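In: Provided below are the primary sequence and the corresponding predicted coordinates.
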Amino acid sequence: MEGWFTAEFLARAQFAFTVSFHIIFPAFSIGLASFLAVLNGLWLYTRDATYLRLFEYWKKIFAVVFGMGVVSGLVMSYEFGTNWAAFSDKAGPVIGPLLAYEVMSAFFLEAGFLGIMLFGRQRVGDALHMAATAIVAVGTLISAFWILSVNSWMQTPAGFTVGADGRFLPADWWAIIFNPSFPYRLVHMVLAAFLTTAFVVGAVSALHLLRDSADKAARRGFSMAMWMAALVTPVQIYVGDLHGLNTLHHQPLKVAAMEGHFEREGDNQPIYVFGIPDRERERLKYAIGIPYLGSLILTHTWNEQIKGLKEFPKEEWPPLGTVFFSFRIMVAIGFLMLGLGLWSLWARWRGRLYESRALHRAALLMGPSGFIAILAGWFTTEVGRQPWLVYGHLRTAEGLSPVDAPAVAASLAGFVIVYVFVFGAGIYYLLRLMNMPVQQAAAPPPAEVAEPTPVLAPQFDPDFLPPEDDGRRGR
């Protein structure tokens with residue numbers, strides 16, 4: 001335990017804690033912004049009031065999620081200066097402009113049109129309101145583009161030179177931005193955001209279907225969410241496989257830790273379903289493996305061998321237990337998502353999509369699955385990169401600020417206390433909003449979608465005379 005109370009470990013723990021809170025909100029807002037754009041477009045195309053009610057319902061949730069994402073992200077920028085000043089100084093010439101591009105091209109875009117999307121329908125008209133909604137959705141995707149470019153460069157650095165003072169200097173911005181792992185990470189993360197939103201929408205809709213299976217808005221939301229689960233989950237699994245092949249090529253040590261391979265195991269390289277990595281004895285205890293499947297999945301051949309952990313310096317091994325188990329959690333949730341999507345197709349084909357209470361309960365249980373999968377995948381990626389900040393070039397210990405462990409521990413404790421109360425209250429409020437049915441929570445539709453009120457034509461009364469006429473006119 002004493003070895004854990006170091007400035008490096010505590011600074012890493014603090015950043016991991018804050019980024020874990022932060023990442024769930026942008027991921028949700030990315031998917032939710034696109035969902036809102038689709039709902040608004042469908043409302044304009046069909047004039048079906050159900051789409052408008054769903055838009056108004058999820059718009060309120062998006063506003064809260066977006067705000068919490070902004071607040072939780074501000075903290076991390078301060079941590080770069082307080083805990084990771086050396087990293088900021090050395091890598092700043094590369095990552096600084098990329099983060100600035102994210103603010104200028106994405107955050108300003110989102111913030112500039114967010115108010116119109118939330119409050120402007122009756123003021124600017126349908127066309128401009130739809131444009132603002134689409135621009136906010138595009139802005140969230142642009143934000144993901146730049147953030148994933150930064151993170152991917154730290155994983156697979158390219159397009160730079162190292163100056164005499166040890167700083168990373170940009171040499172080719174195209175190579176920096178579109179580094180070798182960036183396309184795979186970007187697509188994988190965006191699809192994860194879409195699936196996360198789909199399973200939240202599916203869970204909320206399932207909750208209201210369990211209460212009232214005739215709820216029209218719940219039916220519409222559940223159908224859209226299950227289509228997304230059924231169609232996008234297989235694509236995500238395929239993209240994850242491509243991402244794995246890319247990682248094996250550029251970061252074979254990380255893959256060895258993910259798979260629990262301590263050494264090459266001949267021509268029948270297995271995939272381990274379960275095991276407990278033992279760093280000291282350099283073996284996987286209680287291993288349960290399937291022969292040949294490791295080679296098939298990782299190399300797409302039956303017998304190609306994969307490097308084991310023992311072929312790399314032990315001081316460069318990442319924390320094995322975290323990487324091994326977080327990877328399996330992510331994969332397991334991915335296949336549970338696929339199973340629920342296929343189940344929904346079966347229920348839809350049988351005409352039981354809105355009546356199958358077992359399916360609705362399963363969808364409700366799977367509501368937080370996207371967030372768990374994102375966090376597990378993030379831990380696999382970031383912990384698997386250790387002990388490097390910039391993979392192969394800058395160690396984590398070399399990027400630390402000259403701070404003492406007690407100071408970092410105090411700030412970490414403060415963050416935990418504040419986050420529990422502030423974000424705990426925010427999450428509680430979100431759950432309260434989701435617990436309300438669409439008809440109760442969403443604003444009533446505009447006048448043009450309401451039922452027309454009959455207006456009676458004025459009737460002429462021949463006996464009526466204005467008071468000032470005094471009965472004399474027309475005599």
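Out: Now that the structure is in, tell me what you want to look at.
In: Could you list the single helix or strand in the chain with the lowest mean pLDDT?
Out: Using mean pLDDT, DSSP states H and E, the weakest-scoring helix or strand in the chain turns out to be helix 438-441, at a mean of 73.
In: so how many other residues sit close to Met117?
Out: Each residue near Met117 was counted by other C-beta atoms under 10 Å, and the total is 26. Every residue, glycine included, has its C-beta placed from N, CA and C.
In: which ones are touching it?
Out: Counting by C-beta atoms under 8 Å, 6 or more residues apart in numbering, Met117 makes contact with 36, 59, 129, 132-133, 136.
In: Okay, and which of those residues map to helices?
Out: The helices, defined by DSSP state H, take in 36, 59, 129, 132-133, 136 from the contacts of Met117.
In: Switch those residues over to TSV; also include pLDDT and distance to Pro277.
Out: Listed next are those as TSV, based on pLDDT from 0 to 100; distance: C-beta to C-beta, whole Å:
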residue	pLDDT	distance to Pro277
Leu36	95	43
Lys59	92	46
His129	91	53
Ala132	93	50
Thr133	93	47
Val136	93	44
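In: Please type out the ChimeraX selection for whichever of the residues you listed turn out to be buried.
Out: Only the buried entries of the ones in helices among the contacts of Met117 go into this ChimeraX selection, using 16 or more other C-beta atoms under 10 Å:
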select :36,59,129,132,133,136
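In: now for the helix or strand hosting Leu209, which elements pack on it?
Out: For Leu209, the element it lies in under DSSP states H and E is helix 182-211. Applying 3 or more C-beta pairs under 8 Å, 6 or more residues apart in numbering; DSSP states H and E, we find helix 182-211 packed against helix 7-46, helix 126-155, helix 216-250, helix 357-365, helix 369-385, helix 405-435.
In: Switch those over to CSV; also include distance to Phe178.
Out: Below are the helices and strands packed on helix 182-211 laid out as CSV (distance: least, C-beta to C-beta, whole Å):
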stretch, distance to Phe178
helix 7-46, 20
helix 126-155, 8
helix 216-250, 13
helix 357-365, 38
helix 369-385, 18
helix 405-435, 34
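In: Out of the ones you listed, which gets nearest to Pro319?
Out: In terms of C-beta to C-beta, the element of these nearest to Pro319 is helix 369-385, at 5.6 Å.
In: If you count neighbours, what's buried in the closest one?
Out: For helix 369-385, the neighbour count (16+ other C-beta under 10 Å) marks 369-385 as buried.
In: hmm, back to that, could you dump the ones in helices among the contacts of Met117 into a markdown table with distance to Val255 added?
Out: Shown next, in a markdown table, are the ones in helices among the contacts of Met117 (distance: C-beta to C-beta, whole Å):
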| residue | distance to Val255 |
| --- | --- |
| Leu36 | 38 |
| Lys59 | 42 |
| His129 | 47 |
| Ala132 | 43 |
| Thr133 | 41 |
| Val136 | 37 |
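In: List just the nearest of the ones in helices among the contacts of Met117 to Met434.
Out: Comparing the ones in helices among the contacts of Met117 against Met434 with C-beta to C-beta places Lys59 closest, at 13.2 Å.
In: The closest one reaches Ala33, doesn't it?
Out: No - using C-beta atoms under 8 Å as the test, Lys59 is too far from Ala33 to be in contact (10.1 Å).
In: Can you check the pLDDT for the nearest residue to Glu382 once chain neighbours are set aside?
Out: With C-beta to C-beta, 6 or more residues apart in numbering as the criterion, Glu382 has its nearest non-adjacent residue at 7.5 Å, and that residue is Ala16. On pLDDT, Ala16 comes in at 88.
In: Run through the stretch 251-400 of the chain and note the low-pLDDT ranges.
Out: Across the stretch 251-400 of the chain, residues meeting the criterion (pLDDT under 70) sit at 266-267.
In: which stretches of it form helices?
Out: 252-259, 293-299, 320-349, 357-365, 369-385 (DSSP state H, counting those that start in this stretch).
In: Just name whatever secondary elements the first one is in contact with.
Out: Spelled out, it's helix 252-259. Going by 3+ C-beta pairs under 8 Å, 6+ apart, helix 252-259 lies up against helix 216-250, strand 271-278, helix 293-299, helix 320-349, helix 369-385.
In: if we go to 7 Å?
Out: helix 216-250, helix 320-349, helix 369-385 (3 or more C-beta pairs under 7 Å, 6 or more residues apart in numbering; DSSP states H and E).
In: Can you say which of the ones you listed is packed in most?
Out: helix 369-385 (a mean of 22; mean count of other C-beta atoms under 10 Å).
In: re earlier: got the helices of the stretch 251-400 of the chain as TSV, with distance to Val150 columns?
Out: Putting these into TSV (distance: least, C-beta to C-beta, whole Å) gives the following:
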stretch	distance to Val150
helix 252-259	18
helix 293-299	27
helix 320-349	21
helix 357-365	35
helix 369-385	13
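In: For Leu209, find the nearest of those helices.
Out: That would be, of the helices of the stretch 251-400 of the chain and by C-beta to C-beta, helix 357-365, which comes in at 5.2 Å.
In: Enumerate the positions of the closest one that are buried.
Out: Neighbour-count burial for helix 357-365 [16+ other C-beta under 10 Å]: 359-360, 362-364.
In: what would those residues look like in TSV with distance to Leu186?
Out: Shown next, in TSV, are the buried residues of helix 357-365 (distance: C-beta to C-beta, whole Å):
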residue	distance to Leu186
Leu359	32
His360	33
Ala362	30
Ala363	28
Leu364	31
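In: Closest to Met189 out of the residues you listed?
Out: Ala363 (23.2 Å).
In: Could you tell me how many residues sit around the spatially closest residue to Pro291 that is not a sequence neighbour?
Out: With sequence-adjacent residues excluded and distances taken as C-beta to C-beta, 6+ apart, Pro291 is closest to Asn268, at 4.4 Å. By other C-beta under 10 Å, the residues close to Asn268 number 15.
In: Just list the residues touching the closest residue to Leu430 other than its chain neighbours, thanks.
Out: Nearest non-adjacent residue to Leu430, counting by C-beta to C-beta, 6+ apart: Val64, 5.8 Å away. Taking C-beta atoms under 7 Å, 6 or more residues apart in numbering as the contact definition, Val64 lies against 426, 429-430.
In: repeat that with 8 Å
Out: Val64 neighbours (C-beta under 8 Å, 6+ apart): 426, 429-430, 433.
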